[in-house]
Each structure stands twice: as C-alpha cells, then as structure tokens.
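A.B. asks: Curious how this folds, go ahead:
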Amino acid sequence: MKKILLYSAIAIAAIALIMWKLKSNQQHNAERTAIVKESTSGAVPVLTEAAARTSFDPTFQANGSFAAVQQINFSAESPGRITELMVKEGSVVRAGQVLARIDNQVASADLDNAEAAVSAARRDMDRYEKALASGGVTQKQVDDMKLQYQSASARLAQARKSAQNTLLKSPIDGVINAKFVELGTYLAAGTKLFEIVNISRLKLQVNVPENQVVQIHVGQEVPVTTNVFPEVTYKGKITFIAAKGDETLNYPVEIEVTNVSGKELKAGMYGTAVLDLPKREPALLVSRSAFYSGVSNNLIFVARNGKAVSRKVTSGSIYGDKVEVRDGLKEGELVITSGQVNLVEGTAVSIQKK
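C.D. replies: Down below sits the predicted model:
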C-alpha cells in the first residue's frame, strides 16, 4: 500500500512538472511570435538606452614597455688588435672604466714621429723668423714655415688621440648587455664592441589617444605599476610627448621611471602608467555601439514616437565603452544601441528588453 502511494505521488509530481514546462514554453513562444509579428509589420526590433549625465573617474591607464634611458653601441675609433679584454656579458661598468686594450705599437710610433715633426717645424720656424730680421728670407717663406708648424701640431694632436684610443673606456655607467668581440680580434675603425645598457633609470613608452594627450604635460608625475612586481608602485615623470600622432591618432609618450632596489625592472618588460587627468563635470555619455558608422562619423539614431530619427552629434572623449557627447543630444533621449543596420530615417522601431 505504501509503494502504491509513493508511486502515485511521483506520478502526480511528474505530471505537474510537465504541465509547468508546457505552459512556460507556450509563453516563450507567444513572446517570440509577437516579436516576429511586429517585425513583419514593419517595426525593426532595437535596443536603446537613455542618454544621461554621468560622473566618471577621469583616470586613464596606458600600457607599454620599458626601455633603457641610456643604451649605446660602443665601437672602436682606431684600428688595432685586442690584447686585453677586461669585461664580459653581464659585467657592471662605470663611466671611464677601461673595457679593453688594443695593440698600441703603431699608435706609439705615430705619436713619436708626430712629436719629432713638431719639434723640427718649431726650430725651423724660429730660425726663419730670425733670418727675416737680417733679410736672409722673405716674409712668404716665414709664413709657409708657420703653416708647416701648424700642420705638424694638428697631426700631433691626432696622434695623441689615437694613442689614447688604445684604451677603450666606457662612456656611461651600465651593464654589458652584449659583447661582439673576443681577445685577439683585429678591429677596424667603427667595429662594434659592446652594447652597454644603463637600467638605473628606465622609460616607459606608451601611446595616448588625442583626447587624453591634450590633458597631460611634460614634468607631470605618474605612478607606474607592473605585473612582475604588483606590490610596488614606481614613481614616474613624463619626459616626452610627441608633437605628431600616428595614423590612429595616438601619441607616443615617454615616462621616466627610477628603479627600486631589490625590485629592479628590466628593459623590455611591460608596465602600466596611471594618468590622473583633470577633474571634469558630469558628462553626457552614451554607449560606443550607438555610433553605427564609427565614433569619428558622429552619427547615431534616437527613438522618437516609435520611429528612428538620424542624429548628427559632436563626440568628445572616449572612456572605455562610453563616448562623451558634447552637442546634438539631450539628456533623457532614447539612443538606439543595437539594430541600426536595418534602420533609415523614419523607420518604425520596436524597443526590446535587453
């Protein structure tokens, strides 16, 4: 008897569930049928939103990558063979530190010859000047000898510089990021020796849209965050804003960042600059999707009395998926955000729930 009652209760519950599901499906089908009927009657289903003045956070974030503020390719100025190599890749160097030495025999010989030539030219010039007083030589001969002395002095200066170039010294503080030569390598003038990178200061290179770039300035302090050290906020300062944007109206901006001891960033890593823009009054914002031909064309549709009305507006700043409308739209008007592909001026519309 108990089993019969149990089975009966289960059967009744199953029947009730089936009836509820059938009723739900019937209601859903009725709603879809109503939409189809409305569409076939000429009304285009659309989604809308009411234009409203909205307070928003003017903070703007820009992502980019870090580059070294100082990075040079150090090359040889004089020919010669490397006789001593003092650094390797990864070596930390200081400005003025000797990195390598090249064979200086030729440079030393040139220096000796240049010094001897200057001494001889000096003696000849003195002798000619004394002879001029007694009429033994002409003024032109004295002038020619002075020119020879000046030429010899110039060659001596060059020889001294060449002799100094046998000691290859780092021009900046930094790290040897790459080494292109080995001990015994013969160098021609201009041979690339080392890539030296100074990462004590880095620059974050980002692109900023035109509407935001006019609100920032060189010298502005900017906090910078990274994924590698999310717990650290680095101090940055804008050092460069490009005078010309690219084809997408984005402007390159450089933000110099000082590294933090123990949390050193490296060139090539990614970072995020948080640009604090000036506070603004609440603005009339609409969804970006309302601009069916793109924001730059400034064309939207509004729904009025069951019909689509084309509207030319003046767009302003873009904040994520929202666009500021500065003119051509009133607060409270219904802006069509979906379904515009089927619309022309005066098309009947049916506003749907999202």
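
A.B. asks: The nearest residue to Arg53 once chain neighbours are set aside: how many residues sit nearby?
C.D. replies: Distance criterion C-beta to C-beta, 6 or more residues apart in numbering; nearest residue to Arg53, sequence neighbours excluded, is Pro282 at 4.4 Å. Placement of C-beta: from N, CA and C, glycine included. As a burial measure, Pro282 scores 10 neighbours (other C-beta atoms under 10 Å).

A.B. asks: so Pro282 makes contact with Ser55?
C.D. replies: Yes. The pair Pro282 and Ser55 qualifies as a contact (C-beta atoms under 8 Å) at a distance of 4.6 Å.

A.B. asks: need the contact list for Asn73.
C.D. replies: Asn73 is in contact with Lys192, Phe194, Glu195, counting by C-beta atoms under 8 Å, 6 or more residues apart in numbering.

A.B. asks: Just the ones of those residues in helices?
C.D. replies: Assignment to helices by DSSP state H places none of these there.

A.B. asks: Which members of those are classed as buried?
C.D. replies: With neighbours counted by 16 or more other C-beta atoms under 10 Å, the contacts of Asn73 contain buried members at Phe194, Glu195.

A.B. asks: Export the contacts of Asn73 to JSON lines and append columns for pLDDT and distance to Phe301.
C.D. replies: Putting the contacts of Asn73 into JSON lines (pLDDT from 0 to 100; distance: C-beta to C-beta, whole Å) gives the following:
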{"residue": "Lys192", "pLDDT": "93", "distance to Phe301": "61"}
{"residue": "Phe194", "pLDDT": "95", "distance to Phe301": "63"}
{"residue": "Glu195", "pLDDT": "94", "distance to Phe301": "57"}
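
A.B. asks: how about stretch 288-297: buried residues?
C.D. replies: Of the residues in stretch 288-297, those with enough neighbours to count as buried (16+ other C-beta under 10 Å) are Arg288, Ser289, Ala290, Phe291, Tyr292.

A.B. asks: ok, residues contacting it?
C.D. replies: Under the criterion C-beta under 8 Å, 6+ apart, residues 49, 298-301, 315, 318, 321-323, 335-338, 340-341 lie in contact with stretch 288-297.

A.B. asks: what's the span of that stretch from first residue to last?
C.D. replies: 12 Å (C-alpha to C-alpha, to the nearest Å).

A.B. asks: if you average pLDDT over that stretch, what comes out?
C.D. replies: When pLDDT is averaged over stretch 288-297, the result is 89.

A.B. asks: What's the separation between the closest residue in space to Ile336 that isn't next to it in sequence and Lys244?
C.D. replies: Ranked by C-beta to C-beta, 6+ apart and with sequence neighbours excluded, the top spatial neighbour of Ile336 is Phe301, at 4.2 Å. From Phe301 across to Lys244, the span is 35 Å (C-beta to C-beta, to the nearest Å).

A.B. asks: For the two, indicate the residue with more neighbours.
C.D. replies: Legend: neighbour count by other C-beta under 10 Å for Phe301 and Lys244, higher for Phe301 (25 against 6).

A.B. asks: Buried residues, stretch 191-207. List them.
C.D. replies: With the criterion 16+ other C-beta under 10 Å, stretch 191-207 contains buried residues 191, 193-199, 202-207.

A.B. asks: where in the stretch 251-354 of the chain is pLDDT low?
C.D. replies: Counting by pLDDT under 70, the stretch 251-354 of the chain has low-confidence residues at 354.

A.B. asks: Tell me where it has strands.
C.D. replies: Taking DSSP state E, counting those that start in this stretch as the criterion, the stretch 251-354 of the chain contains strands spanning 270-275, 283-287, 299-304, 307-312, 314-319, 322-327, 334-338, 349-351.

A.B. asks: okay, the angle between the third one and strand 307-312?
C.D. replies: Direction vectors for strand 299-304 and strand 307-312, defined by axes from the mean of the first three to the mean of the last three C-alpha atoms, to 10 degrees, enclose an angle of 150 degrees.

A.B. asks: Direction included, what does strand 299-304 pair up with?
C.D. replies: If you go by DSSP bridges, strand 299-304 pairs up with strand 307-312 (antiparallel), strand 334-338 (antiparallel).

A.B. asks: Of all these, which one comes closest to Leu85?
C.D. replies: Proximity of the strands paired with strand 299-304 to Leu85 was assessed by C-beta to C-beta; the nearest stretch is strand 334-338, lying at 67.0 Å.

A.B. asks: outside of that closest one, which residues touch it?
C.D. replies: For strand 334-338, with C-beta under 8 Å, 6+ apart as the criterion, the contacting residues are 46-51, 286-287, 289-290, 300-304, 308, 329, 343, 349, 351.

A.B. asks: again, only using 6 Å
C.D. replies: Contacts of strand 334-338 from elsewhere in the structure, counted by C-beta atoms under 6 Å, 6 or more residues apart in numbering, are 46-51, 286-287, 289-290, 300-303.

A.B. asks: Return the member of the buried residues of stretch 191-207 nearest to Asp144.
C.D. replies: When these are compared for distance to Asp144, the smallest value, 39.6 Å, is given by Thr191; criterion: C-beta to C-beta.

A.B. asks: okay but the closest one is in contact with Ala76, surely?
C.D. replies: Yes. When contacts are counted by C-beta atoms under 6 Å, Thr191 is listed as touching Ala76 (4.7 Å).
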